[in-house]
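Enquirer: just need the structure, nothing else, for what follows:
(chains A and B)
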Amino acid sequence: MFSDILGNTGGAVPLTLAAMIIFIVCFAAVVIWAMKLDKHIVNEMAHLPLNDGAAPVEDRGNHE
Amino acid sequence: MAVETFQYDNRTVRDFGVATIIWGIVGMLVGVIIATQLFWPRLNLGLPFTTFSHLRPLHTNAVIFAFVGNAMFMAIYYSLQRLCKARMWNDTLSRINFWGWQIIIVLAAVTLPLGITTSKEYAELEWPIDLLIAVVWVIFGVNMFGTILKRRERHMYVAVWFYIATWVTVTLLHVVNSLEIPVSLTKSYPLYAGVQDALVQWWYGHNAVAFFLTTPYLGMMYYYLPKAANRPVFSYRLSIIHFWALIFIYIWAGPHHLLYSSLPDWAQSLGTVFSIMLLAPSWGGMLNGLLTLRGAWDKVRESAVLKFMVVAVTAYGMATFEGPTLSVKSVNALSHFTDWTIAHVHVGALGWNGFLTFGILYWLIPRIFRTNLYSEKLANLHFWIGFFGIVIYALPLYFAGITQGLMWKQFGEGGILSYPNFLETVVQIIPMYTIRMVGGLLFLIGVLIMFFNLYKTMKQGSMEANEAAEAPALEPRYEPAGHDRAWHRWLERRPVQFLVLTTVAIALGGIIEMIPTFLIRTNIPTIASVQPYTPLELEGRDLYIREGCNNCHSQLVRPFRSETERYGEYSKAGEYVYDHPFLWGSKRTGPDLQRQGGKYPDAWQFSHLKDPTSMSPGSIMPPYPWLITDQLDLDDTEAKIRAMQTLGVPYPEGYDQICLNDLRLQADKIARGLADAGIEVAYDREIIAMIAYLQRLGTDIKVKPAQPTPPPTTPAEIIAGN
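Expert: Modelled structure (predicted):
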């Protein structure tokens, strides 16, 4: 059956449509979830790079 | 939980940083040399390993895998430890990762100039090096996942997602595109042929850009831009959407490299559609980066680091706008095979990868050496020299590409090509090649300034190989509450499940494009008259690959009147079924060779290879005199025939035992023909095989006998009819 479907359609249409539908559903879910995300969580995650647990660099001045 | 103290590994970061700078200089220097050879071919000094066609893959590999590769490792090793609040999982694996990668680069630097190449762009390295790449890449992955698994930060930041996607996709791309049958230690044939090989190669080639040059750099942008600006990313929500949309869509876009080729039309259309869709996530990411600097633009005026980063993100935006534009068929009809593509690639490579790397180096090296940058002025000087270098590099190539593309298509009043001689279109753009070289040289000078500046920075500071840090350990049992129970939050806490979902997202596109192309026979219609190469032609084809002819010559006539008038019948999928690997090329510095067979006599081919300007005055093709003096190596011919039989090429059973007889018969015939034309050359010289191959090109469907005769069925019959 699989080869019949592929043979009748040039092979691309059903698989591509299935992938697009999966993508659109997943994409919509991610967008909706991201928009509803709690502000505190967003803030916490966005600040992760700024809080790396290391000591700040001492400013010793440079060549100029 | 109790606060734990631990140490970050800065030594590996430093080593990758130094390697980035050194290999960057090497790769860019080779780029300047080959850019010069495009208007001064004699700069090759008459040596094979310094000739454009041998050095061009060295340049691309050095810049992509040595410069960008080391920069990627440097940036990931630094940021991953801090985002996970954990030292890299295993120091020994870190050392193996570093030295293994450098060995791969050295092997590439030795083998590519020697002509040991698969011919597949950005995947030129032969099978033993492919295996080594796989081992080192897996070691990197184990070390990365080990670090993620023992992290002290509950949720993975978006940069880590991009690193995971990079690792899994590059693994998949490398394995699938490197499936090949070894003939000897330095020679292999890919499993795929013709159209299928082209599809796999450009699925790989495009996604090498996507997942080696882009996704790790997006992860780096999401970490280093906020760090340098000292403010959080503009929108974490947008970064989530950016990530999933980008990795899903990117993988489909490979066929846009094969528009108007013999690839099935549906696959070409898929490539175009997904390339255009790609604009949305790409620009989402770019805007997220730029808007991170909201309210901090005054810092850009002062900080060289931020200047580099801003231009890098802007160049990313420009390149990702241009990419979908070039994927529109009507635009691609003009741009493909021209220098427009080269300009596009370099806006991305010099602007996005180069400038983001420089910004990170200027930010990172002073930190791990516990000092300040030696000279901010020199860094700013580097920025401006590099910036104008990019502009002076790219603009002439846009002019060159559009000019030459239009000249190829120009018809005169009588309905004939206005520029039937390809060389006319080359001569027209040589001044632009000269200016482009100046741009590349400026960019290189900027890197040399950076080398000095960072060297002085390292000298004045002292490296903190093991940087002290502290963070609370994670609670072994975690009960999520509220929004933390949402499915994506769950995913952000589970690297293995995240890896699996990412794999599904990136695998779909490739599977859906490849399965029908491989399984449905009507996608690759066979042509009865297309026969396997004779042993001599096969050896000639391997010389064509060794000499890197495919770097400047395509073997793909597109179905345009301007091309069929210039070259002959447009290319058919069935013509390539025995081509392991395909040799369609991606750039026409010289004319297409698909219908080269029979176009000129053997004596013309001989003289042209000996000195191209003798046949085409003004040609920028370098001479290949060593083909006349070097003896054809026949040690592997029988093994090559056997490998081809394994791949399904229908040589008669036992043909490997007698193939050398046929080879000598055909070679002798060509040598005698050359002698009749006054050219004395022994039948066992390499040039004889090269001529045999060139004279075969495209003749399977080109020759139309007056009376129908049954097609030859064995290589011996083909030789007899040659």
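
Enquirer: start to end distance for stretch B:682-702?
Expert: 29 Å (CA to CA, to the nearest Å).

Enquirer: where does chain A dip in pLDDT?
Expert: A:1-12, A:53-64 (pLDDT under 70).

Enquirer: now the helices for chain A?
Expert: With DSSP state H as the criterion, chain A has helices at A:2-9, A:13-36, A:39-46.

Enquirer: in chain B, what residue is nearest chain A?
Expert: B:P516 (2.6 Å; CB to the nearest CB). Bear in mind the C-beta positions are built from the backbone N, C-alpha and C, glycine included.

Enquirer: run the angle between the host helix or strand of that residue and helix A:13-36 for me.
Expert: For B:P516, the host element (DSSP states H and E) is helix B:495-519. If you take axes from the mean of the first three to the mean of the last three CA atoms, to 10 degrees, helix B:495-519 sits at 160 degrees to helix A:13-36.

Enquirer: who touches the strand or helix carrying B:I658?
Expert: Following DSSP H and E, one finds B:I658 within helix B:655-676. With contacts defined as CB atoms under 8 Å, 6 or more residues apart in numbering or on different chains, helix B:655-676 is touched by B:534-537, B:539, B:602-603, B:606, B:632, B:634, B:637-639, B:641-642, B:645, B:651, B:680-684, B:688-689, B:691-692, B:714-716, B:719, B:722.

Enquirer: how about the residues of the stretch 451-600 of chain B near chain A?
Expert: Within reach of chain A by CB under 8 Å from any CB of the partner chain, the stretch 451-600 of chain B has these residues: B:456, B:467-471, B:482-484, B:486-489, B:508-509, B:512, B:515-517, B:519-520, B:522-523.

Enquirer: select only the buried ones of these in PyMOL?
Expert: In PyMOL, a selection of the buried entries from these looks like this (16 or more other CB atoms under 10 Å in any protein chain shown):
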select buried, chain B and resi 456+467+469+471+483+484+486+488+489+508+509+512+516+517+520+523
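
Enquirer: figure out the helix or strand that the closest residue to B:A253 other than its chain neighbours lives in.
Expert: Spatially, and ignoring its direct neighbours in sequence, B:A253 is nearest to B:S275 (4.4 Å; CB to CB, 6 or more residues apart in numbering or on different chains). B:S275 belongs to helix B:265-277 when elements are defined using DSSP H and E.

Enquirer: can you tell me the average pLDDT over that helix?
Expert: For helix B:265-277, mean pLDDT rounds to 89.

Enquirer: next SSE after it?
Expert: Next helix or strand after helix B:265-277 toward the C-terminus (DSSP H and E): helix B:279-291.

Enquirer: now do stretch B:581-599: distance from first to last residue.
Expert: Using CA to CA, the end-to-end distance of stretch B:581-599 comes out at 24 Å.

Enquirer: buried stuff in it?
Expert: For stretch B:581-599, the neighbour count (16+ other CB under 10 Å) marks B:581-597, B:599 as buried.

Enquirer: distance from the chain centre to that stretch, please.
Expert: Stretch B:581-599 has its C-alpha centroid displaced from the chain centroid by 19 Å (CA atoms, centre = their mean, to the nearest Å).

Enquirer: so is stretch B:199-219 next to chain A?
Expert: No. Judged by CB under 8 Å from any CB, stretch B:199-219 stays clear of chain A, getting no closer than 10.8 Å.

Enquirer: so which residue is dead centre in chain B?
Expert: Nearest to the geometric centre of chain B sits B:Y122, at 3.3 Å (CA atoms, centre = their mean).

Enquirer: so that one, which of the three states?
Expert: Using DSSP: H, G, I helix; E, B strand; the rest coil, the structure places B:Y122 in coil.

Enquirer: hang on, isn't it packed against B:N61?
Expert: Yes. Here B:Y122 reaches B:N61: they are 7.2 Å apart, a contact under CB atoms under 8 Å.

Enquirer: what residues are up against B:L536?
Expert: By CB under 8 Å, 6+ apart, the neighbours of B:L536 are B:662-663, B:666-667, B:688-689, B:692-693, B:719.

Enquirer: please apply the same query to B:I342.
Expert: In this structure, B:I342 makes contact with B:397, B:401, B:587, judged by CB under 8 Å, 6+ apart.

Enquirer: grab the nearest non-local neighbour of the last one.
Expert: If you skip the residues right next to it in sequence, B:K587 has B:F337 as its closest partner in space, 6.0 Å away by CB to CB, 6+ apart.

Enquirer: count of neighbours near that neighbour?
Expert: Around B:F337 there are 23 other residues, counting by other CB atoms under 10 Å in any protein chain shown.

Enquirer: in this structure it contacts B:R588, no?
Expert: Yes. With contact defined as CB under 8 Å, B:F337 counts as touching B:R588 (4.1 Å).

Enquirer: what touches both of these two?
Expert: Counting by CB under 8 Å, 6+ apart, the shared contacts of B:F337 and B:R588 are B:S554.

Enquirer: what about B:M309, how many neighbours?
Expert: Counted with other CB under 10 Å, B:M309 comes out at 29.

Enquirer: ok, the residue lying closest to it once chain neighbours are set aside to B:P431 distance?
Expert: Leaving aside its sequence neighbours, B:M309 sits nearest to B:G359 (CB to CB, 6+ apart; 4.2 Å). As judged by CB to CB, to the nearest Å, B:G359 and B:P431 stand 33 Å apart.

Enquirer: these two: who's more crowded?
Expert: Set B:G359 next to B:P431 and count neighbours by other CB under 10 Å: B:G359 wins out with 28 against 13.

Enquirer: helix or strand right after the strand or helix carrying the more buried one?
Expert: Per DSSP H and E: B:G359 is located in helix B:355-368. Remark: after helix B:355-368, the chain's next helix or strand is helix B:376-409, criterion DSSP H and E.

Enquirer: the helix or strand that comes right after that next one vs helix B:355-368, what angle?
Expert: Where DSSP H and E defines the elements, the next helix or strand beyond helix B:376-409 is helix B:422-460. For helix B:422-460 against helix B:355-368, the angle by the same axes, to 10 degrees is 10 degrees.

Enquirer: whatever helix or strand comes next after helix B:422-460 versus helix B:355-368: what angle between them?
Expert: Going down the chain from helix B:422-460, the next helix or strand is strand B:466-472, by DSSP H and E. Relative orientation of strand B:466-472 and helix B:355-368, computed by the same axes, to 10 degrees: 90 degrees.

Enquirer: restricted to buried residues, select the contacts of B:L536 in PyMOL.
Expert: Restricted to buried positions by 16+ other CB under 10 Å, the PyMOL selection for the contacts of B:L536 reads:
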select buried, chain B and resi 662+663+666+667+688+689+692+693+719
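
Enquirer: what residues of the helix holding B:P516 count as buried?
Expert: Buried residues in helix B:495-519, counted by 16+ other CB under 10 Å: B:495, B:498-499, B:502-503, B:505-506, B:508-510, B:512-514, B:516-517.

Enquirer: same deal with stretch B:394-405?
Expert: Here stretch B:394-405 shows B:394, B:396-405 as buried, counting by 16+ other CB under 10 Å.

Enquirer: neighbouring contacts of it?
Expert: B:334-335, B:337-343, B:346-347, B:350, B:425-426, B:428-429, B:431-433, B:435-436, B:439.

Enquirer: alpha carbons of it, as PDB, please.
Expert: Backbone C-alpha positions of stretch B:394-405 (Å, rounded to 0.1, in the frame of the first residue of the first chain) are rendered in PDB as follows:
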ATOM      1  CA  ALA B 394      31.200  41.100  -1.500                       C
ATOM      2  CA  LEU B 395      30.200  44.000  -3.700                       C
ATOM      3  CA  PRO B 396      32.500  43.200  -6.700                       C
ATOM      4  CA  LEU B 397      31.300  39.600  -6.600                       C
ATOM      5  CA  TYR B 398      27.700  40.700  -6.700                       C
ATOM      6  CA  PHE B 399      28.500  42.700  -9.800                       C
ATOM      7  CA  ALA B 400      30.500  39.800 -11.200                       C
ATOM      8  CA  GLY B 401      27.800  37.300 -10.600                       C
ATOM      9  CA  ILE B 402      25.000  39.300 -12.100                       C
ATOM     10  CA  THR B 403      27.100  40.500 -15.000                       C
ATOM     11  CA  GLN B 404      28.200  37.100 -16.000                       C
ATOM     12  CA  GLY B 405      24.800  35.500 -15.400                       C
END
